[in-house]
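[1] Sequence plus predicted model, see below.
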Amino acid sequence: MLIGPGGAGKGTMAAELTARDPTIWLSRSWTTRAARPGEQERGAYVFVDRSTFEEAVAQGRFFEWAEFLDHLMGTPIPDPPQGSDVLLEIDVQGAEQVLALRPDATVILLLPPSPEVQAERLAARGDDEEHIRRRVELGRSEVERGAKIAAHTVVNDDLRQTLADLTAIVDRTRTAASGAAEPEES
């Protein structure tokens, strides 16, 4: 699971990881919020109205879901292609729910380098000033909660280095899950 506050770069890093490694399958979350520019084209989310989302909740079709800043968001029960590892790009609250069901899941906390950079990233994607203020404020508690459940923390201040760090974490997690011995560090 890739978690972190808004503006940390979770979407960018998830897209980069899946583009680099076709055996990583990104679960697409559902949301009732409006799409930001370019999100529908990238397939970032499944955008639905509130009644459609609530009906799916009633049918038990979500792995996790929550109300977040007046919108519903959730991860459908994953159905990845055979031989794939599932990547969830979700919020801290969702990760806590998933861990209750799958305590063996690996959680990576992705952080922006500073609240100022976080605010700049949120503004660049088209968020208004009030939304940015709320997200940065909420981000503080998300980081605090996320640090308690994350096995790894990565600061996203350089795209290439962050991607290399995340790839190394995925590789180590796969090695550990397969029971193979990890190479000794020199």
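    Yep, it's here. Numbers count the residues shown, from 1 in each chain.
[2] Let me know the secondary structure of the closest residue to F47 other than its chain neighbours.
    Of all residues not flanking F47 in the chain, A35 sits nearest, at 5.3 Å (CB to CB, 6 or more residues apart in numbering). Placement of C-beta: from N, CA and C, glycine included. Taken by DSSP: H, G, I helix; E, B strand; the rest coil, the conformation at A35 corresponds to coil.
[3] how about A35, what does it touch?
    44-45, 47 (CB atoms under 8 Å, 6 or more residues apart in numbering).
[4] next one: L72
    Contacts of L72 by CB under 8 Å, 6+ apart are 30-32, 50, 53-54, 57, 65-66.
[5] isn't there a helix covering it?
    No. Checked against three-state DSSP, L72 lies outside a helix; its state is strand.
[6] Next, find the distance separating it from T175.
    Going from L72 to T175 by CB to CB, to the nearest Å gives 37 Å.
[7] least trustworthy helix or strand in the chain by mean pLDDT?
    Least confident helix or strand, the chain: helix 39-42 with a mean of 72, by mean pLDDT, DSSP states H and E.
[8] Columns neighbour count and pLDDT on top of the contacts of A35, output as TSV?
    Formatted as TSV, the entries for the contacts of A35 read as follows, by neighbours: other CB atoms under 10 Å; pLDDT from 0 to 100:
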residue	neighbour count	pLDDT
A44	19	73
Y45	19	85
F47	15	94
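[9] Would you tell me which one of the residues you listed comes nearest to N156?
    For the contacts of A35, the minimum distance to N156 (CB to CB) is 17.1 Å, reached by A44.
[10] does H131 really touch A119, like I thought?
    No. At 10.5 Å, H131 and A119 do not qualify as touching, with contact defined as CB atoms under 8 Å.
[11] neighbour count winner among these two?
    With other CB atoms under 10 Å as the criterion, H131 and A119 differ in neighbour count, and A119 comes out ahead with 20 against 14.
[12] that's a strand at the more buried one, yeah?
    No. Applying three-state DSSP, one finds A119 to be helix, outside a strand.
[13] Could you tell me the model confidence score at it?
    As summarised for this prediction, A119 has a pLDDT of 95.
[14] Now do the SS call for Q161.
    Looking at Q161 with three-state DSSP, the answer is helix.
[15] Count residues in the vicinity of it, would you?
    Here the neighbour count serves as a burial measure; for Q161 (other CB under 10 Å) it reads 12.
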